[in-house]
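K.L.:
Requesting a structural model of the entry that follows:
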Amino acid sequence: MTTIIINERTTDAKKMIEFLKTQSYVTIIEEKIPSATLLKSIHEAKTGKVTRTKNVADLLEKLKS
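P.N.:
Coordinates of the predicted model:
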């Protein structure tokens, strides 16, 4: 088995991927990688760096301040 990494953001890469999808001997496995912002948010949630509120009114008050 061989692994090929393709930057799918370029036009040529998109064409190559479409071509490879037509080949019977090719299996494409797409990995969804979360954005840096999402990874940061997940880390903050896991480490407890979140805003805690009692209800919606309290949340809105904290967001306004």
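K.L.:
check contacts around the residue nearest to the spatial centre of the chain.
P.N.:
Residue closest to the mean C-alpha point of the chain, counted by C-alpha atoms, centre = their mean, is Pro34 at 2.2 Å. With contact set as C-beta atoms under 8 Å, 6 or more residues apart in numbering, Pro34 has these partners: Ile42. C-betas here are computed from N, CA, C, even on glycine.
K.L.:
And it, how far from Ser24?
P.N.:
Pro34 is 32 Å from Ser24, where distance means C-beta to C-beta, to the nearest Å.
K.L.:
same check, this time on Ile6
P.N.:
For Ile6, the distance to Ser24 - C-beta to C-beta - is 19 Å.
K.L.:
neighbour-wise, which of those two wins?
P.N.:
Ile6 (13 against 5; other C-beta atoms under 10 Å).
K.L.:
Disregarding flanking residues, what is the spatial nearest neighbour of the more buried one?
P.N.:
Once flanking residues are discounted, Ile6 sits nearest to Ala13: 4.9 Å by C-beta to C-beta, 6 or more residues apart in numbering.
K.L.:
what about the one you found, how many residues close to it?
P.N.:
By the measure other C-beta under 10 Å, the count of residues near Ala13 is 12.
K.L.:
Go ahead and confirm it touches Ile4.
P.N.:
No. Using C-beta atoms under 8 Å, Ala13 is not in contact with Ile4; the gap is 10.6 Å.
K.L.:
That'll do, ta.
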